[in-house]
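Engineer: structure here, sequence nowhere to be found:
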């Protein structure tokens, strides 16, 4: 067969086959887009759940340290980013690849923030442990010093009592001597 023009019937059959194939491809791609849209919706729900979890963690952590309030602000900004991303999903439904990339980037940022938050908590826990240990050490030192001071005070009171008895004995001896000397200290009675 040389390049003979095909019959109209053969061309129509070929064209119908092409349209049928294109229709099947469009149906498959439409199903793929629907699946990707459902996946995106699930990812959006997961992101919203992650955001809610992050906010809850931020509230609990806020009581541990004032500097974590900055991270809570970051979570709020992430909430705005998620809202913006949700709007972008509605506007960019035709560009599924770009949207998937944006969601992956947001997930990585959230992971980094959670890891950073976890690291901050670890540092705070270590600081609290160190402060508790320091306080315990200071309490033990204070108790030892108070015990030493109490012991020293008891020894000082005992020594003062001994000294007082010695002085009283000495005063008594001098008094007896003076009485023996007749009151003027030279052994003669006053005239």
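Structural biologist: Ah, there it is. Remember, it's a predicted structure, so these values are computed and weren't measured experimentally.
Engineer: now the lengthiest helix in the chain, how far from the chain's geometric center?
Structural biologist: What stands out as the longest helix in the chain, according to DSSP state H, is helix 96-180. Remark: helix 96-180 is offset 26 Å from the chain centroid, using CA atoms, centre = their mean, to the nearest Å.
Engineer: what helices and strands are in contact with that helix?
Structural biologist: Packing contacts for helix 96-180, counted by 3 or more CB pairs under 8 Å, 6 or more residues apart in numbering; DSSP states H and E, involve helix 8-62, helix 69-91. Using the backbone N, CA and C atoms, a C-beta is placed for each residue, glycine as well.
Engineer: just want the angle from the first one to helix 96-180.
Structural biologist: Right, the one you point to is helix 8-62. Orientation check (axes from the mean of the first three to the mean of the last three CA atoms, to 10 degrees): helix 8-62 against helix 96-180 gives 10 degrees.
Engineer: least trustworthy helix or strand in the protein by mean pLDDT?
Structural biologist: Ranked by mean pLDDT, DSSP states H and E, the weakest helix or strand in the chain is helix 69-91, scoring a mean of 71.
Engineer: quick one on the thing from earlier: which stretch in the helices and strands packed on helix 96-180 is the model least sure about?
Structural biologist: Among these, helix 69-91 carries the lowest mean pLDDT, at a mean of 71.
Engineer: make TSV out of the helices and strands packed on helix 96-180 and add mean neighbour count and distance to residue 130.
Structural biologist: As requested, these are arranged in TSV below (neighbours: other CB atoms under 10 Å; distance: least, CB to CB, whole Å):
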stretch	mean neighbour count	distance to residue 130
helix 8-62	12	19
helix 69-91	15	22
